[in-house]
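[1] I would like the atomic coordinates for the input below:
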Amino acid sequence: INFRGNDVVILMNQAYIAAFHMGGVLYHNSLGHHPASGVGPGMFVFLAFAVACMRAPIWMAFGGLMVCYVFAVGLAKVLVKPKAASDAGRSDESARLLRVD
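    Now for the predicted structure:
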């Protein structure tokens, strides 16, 4: 199946890609990972935005990107458990070693 002529299908696909990978950026951010860990999924958000700009006016592509961002933030708040303040600065291995059962 070729959707080359159907802009709506392509734009919806790019919206899914942008929301999914923006969720990856928010996931790493909320878990307290290094900021560079969000660069990988962030590149795919940029690529999805670039493809959307080829199919729609830039203001429409940017508006769609903002809608995807709001959707990703909402899902990240519901699905991702933030890093506890007591574990800040500790690696998983050191936290496991300090735990008393």
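
[2] If you count neighbours, what's buried in stretch 51-66?
    Under the neighbour-count criterion of 16 or more other CB atoms under 10 Å, stretch 51-66 has 51-53, 56, 61, 64-65 buried. In short, each C-beta sits where N, CA and C put it, glycine included.

[3] now the host helix or strand of V78, how far from the chain's geometric center?
    Under the criterion of DSSP states H and E, V78 resides in helix 58-79. On the basis of CA atoms, centre = their mean, to the nearest Å, helix 58-79 sits 9 Å off its chain's mean C-alpha point.

[4] try stretch 12-20
    With CA atoms, centre = their mean, you get 10 Å for stretch 12-20.

[5] sec struct for K81, please.
    Recorded secondary structure, K81: coil (DSSP: H, G, I helix; E, B strand; the rest coil).

[6] What are the boundaries of the strands in this protein?
    Shown for the chain, no strands are assigned by DSSP state E.

[7] Can you pull up the most central residue in it?
    Centroid check for the chain by CA atoms, centre = their mean gives M22 as the closest residue, at 1.7 Å.

[8] Not counting its neighbours along the chain, what's nearest that residue?
    Using CB to CB, 6 or more residues apart in numbering and skipping residues adjacent in sequence, the residue nearest M22 is A72, 4.1 Å away.

[9] G24 now?
    Closest residue to G24 apart from its sequence neighbours, by CB to CB, 6+ apart: P41 at 3.4 Å.

[10] so who does that neighbour touch?
    21-25, 28 (CB atoms under 8 Å, 6 or more residues apart in numbering).

[11] In the chain, where is pLDDT below threshold?
    1, 84-101 (pLDDT under 70).

[12] try 80 this time
    Applying pLDDT under 80 to the chain picks out residues 1-4, 82-101.
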